[in-house]
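> generate a structure from the sequence data that follows.
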Amino acid sequence: MDRQRLEKALESEFGGTEAERRAVARAAHDLADSGRPSRDRGHALTVPGVLDHLGDAPDGSSLVERWNWWLGALDAAYGGYDYFTVRYVEGDEEAGLRR
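Have a look, this model is predicted:
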């Protein structure tokens with residue numbers, strides 16, 4: 001998972017603050033490194049895949065809400081994905097208030 005590529009794609013697709021994009025990209029990178037998506041779903045985590053899944057989140061959701069929504073679905077289906085949710089966006093008090 002290329003974090004920089006994902007951050008740019010997230011900005012283009014969903015906007016959000018730089019800190020939000022960084023937090024989501026970091027969580028996605030950690031998730032990809034864990035190997036869970038490959039084990040549970042049969043394929044690796046990709047930038048296009050992340051964008052597709054986040055696009056399914058309810059309209060009006062922030063970037064962090066979209067990520068956590070998708071991780072909630074994965075957690076319900078497979079368990080163990082709660083660890084990869086974004087709980088705090090470092091250095092972005094404005095984003096923290098919106099979650």
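> next one: phi and psi at the spatially most central residue of the chain?
In the chain, the residue lying closest to the centroid (C-alpha atoms, centre = their mean) is W67, at 3.7 Å. Dihedral pair for W67: phi -60, psi -50, per degrees, to the nearest 10.
> from the contact counts, what lies against the helix or strand where L74 lies?
Element membership for L74 (DSSP states H and E) is helix 63-78. Counting contacts by 3 or more C-beta pairs under 8 Å, 6 or more residues apart in numbering; DSSP states H and E, helix 63-78 packs against helix 3-14, helix 18-34, helix 36-41, helix 47-55. Any C-beta I mention is one placed from the backbone N, CA and C, and that applies to glycine too.
> buried set for that helix?
L63, V64, E65, R66, W67, N68, W69, W70, L71, L74, D75 (16 or more other C-beta atoms under 10 Å).
> what's the neighbour count on the residue nearest to the residue nearest to the centre of the chain when sequence neighbours are not counted?
Once flanking residues are discounted, W67 sits nearest to V24: 4.7 Å by C-beta to C-beta, 6 or more residues apart in numbering. Residues lying near V24 (other C-beta atoms under 10 Å) number 25.
> what does D59 give?
By the measure other C-beta under 10 Å, the count of residues near D59 is 4.
> residues touching A27, list them.
Under the criterion of C-beta atoms under 8 Å, 6 or more residues apart in numbering, the neighbours of A27 are W67, L71, F84, T85, V86.
> test my guess that the second one contacts G79.
No. The pair L71 and G79 does not pass the contact test of C-beta atoms under 8 Å, sitting 11.6 Å apart.
> sorry, back to before: quick check: which of the helices and strands packed on helix 63-78 is nearest to G91?
Nearest of the helices and strands packed on helix 63-78 to G91, taken as C-beta to C-beta: helix 18-34 at 5.3 Å.
> can I get the closest one in CSV? Just the C-alpha atoms.
In CSV, the C-alpha atoms belonging to helix 18-34 read as follows (Å, rounded to 0.1, in the frame of the first residue of the first chain):
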residue,chain,number,x,y,z
GLU,A,18,-4.3,16.9,5.4
ALA,A,19,-4.2,15.4,8.9
GLU,A,20,-7.3,13.3,8.2
ARG,A,21,-5.9,12.0,4.9
ARG,A,22,-2.6,11.2,6.7
ALA,A,23,-4.4,9.3,9.5
VAL,A,24,-6.5,7.3,7.1
ALA,A,25,-3.6,6.5,4.9
ARG,A,26,-1.5,5.4,7.9
ALA,A,27,-4.4,3.1,9.1
ALA,A,28,-4.8,1.7,5.6
HIS,A,29,-1.0,1.0,5.4
ASP,A,30,-1.1,-0.7,8.8
LEU,A,31,-4.1,-2.8,7.8
ALA,A,32,-2.4,-3.8,4.5
ASP,A,33,0.8,-4.7,6.4
SER,A,34,-1.2,-6.9,8.8
